[in-house]
Structures are given as C-alpha cells and as structure tokens.
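Peer 1: Sequence first, then the predicted structure, then my questions.
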Amino acid sequence: MARKVCKNCKIFVTGKSCPICKGNIFSESWKGRVAIFDPEKSEIAKHIGIKVKGEYAIKVR
C-alpha cells in the first residue's frame with residue numbers, strides 16, 4: 001500500500017484528514033522524504049518553512 005501525502009503541507013498522513021491543514025487532498029505520488037524532529041532548531045525546517053515535527057515528502061505530484 002502506497003503512503004499518502006497531503007498535497008498542501010507535504011506531510012505523510014495516516015488518517016482521513018491532514019493533521020496540519022485539516023485538508024483531505026492527498027497524493028500517493030511523491031519523491032524523497034525528510035524527518036523533522038525539532039523544527040525550532042532545524043536549519044532544514046527553517047529553510048523550507050516547516051513548523052510542526054513529522055515526516056515530509058520533498059516532492060509531491
């Protein structure tokens with residue numbers, strides 16, 4: 001089973017709605033992933049605008 005990614009936030013989703021934006025538009029077509037554990041201290045999270053910890057896709061189609 002392919003993993004779902006929110007098209008808006010790019011976070012991996014297991015339920016029926018995105019935990020960040022509460023949207024329900026998902027994609028199963030993604031490339032690359034990054035795990036953010038501490039968005040306050042992460043330079044990568046600051047650079048790409050992530051404020052919530054979690055696992056994110058780099059590119060979503």
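Peer 2: Here it is on my side, so go on. Numbers count the residues shown, from 1 in each chain.

Peer 1: Show me what the least confident helix or strand in the chain by mean pLDDT is packed against.
Peer 2: Using mean pLDDT, DSSP states H and E, the weakest-scoring helix or strand in the chain turns out to be helix 43-48, at a mean of 93. Taking 3 or more C-beta pairs under 8 Å, 6 or more residues apart in numbering; DSSP states H and E as the contact definition, the neighbouring helices and strands of helix 43-48 are strand 30-36. Where you see a C-beta, it was placed from the backbone N, CA and C, and this is true even at glycine.

Peer 1: Tell me which other helices or strands the strand it packs on touches.
Peer 2: Strand 30-36 sits against helix 43-48, strand 54-60, with contacts defined as 3+ C-beta pairs under 8 Å, 6+ apart.

Peer 1: tell me the most buried of the ones you listed?
Peer 2: Relative to the other members of the helices and strands packed on strand 30-36, strand 54-60 carries the highest mean neighbour count by mean count of other C-beta atoms under 10 Å, namely a mean of 17.

Peer 1: just checking, what packs against it?
Peer 2: Counting contacts by 3+ C-beta pairs under 8 Å, 6+ apart, strand 54-60 is packed against strand 12-13, strand 30-36.

Peer 1: Among the helices and strands packed on strand 30-36, which comes closest to Phe26?
Peer 2: Taking C-beta to C-beta as the criterion, Phe26 comes closest to strand 54-60 out of the helices and strands packed on strand 30-36, the separation being 9.2 Å.

Peer 1: Distance to His47, mean pLDDT and mean neighbour count for the helices and strands packed on strand 54-60 - can I get that in JSON lines?
Peer 2: Compiled in JSON lines, the helices and strands packed on strand 54-60 are given as follows (distance: least, C-beta to C-beta, whole Å; pLDDT from 0 to 100; neighbours: other C-beta atoms under 10 Å):
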{"stretch": "strand 12-13", "distance to His47": "19", "mean pLDDT": "96", "mean neighbour count": "18"}
{"stretch": "strand 30-36", "distance to His47": "11", "mean pLDDT": "95", "mean neighbour count": "14"}
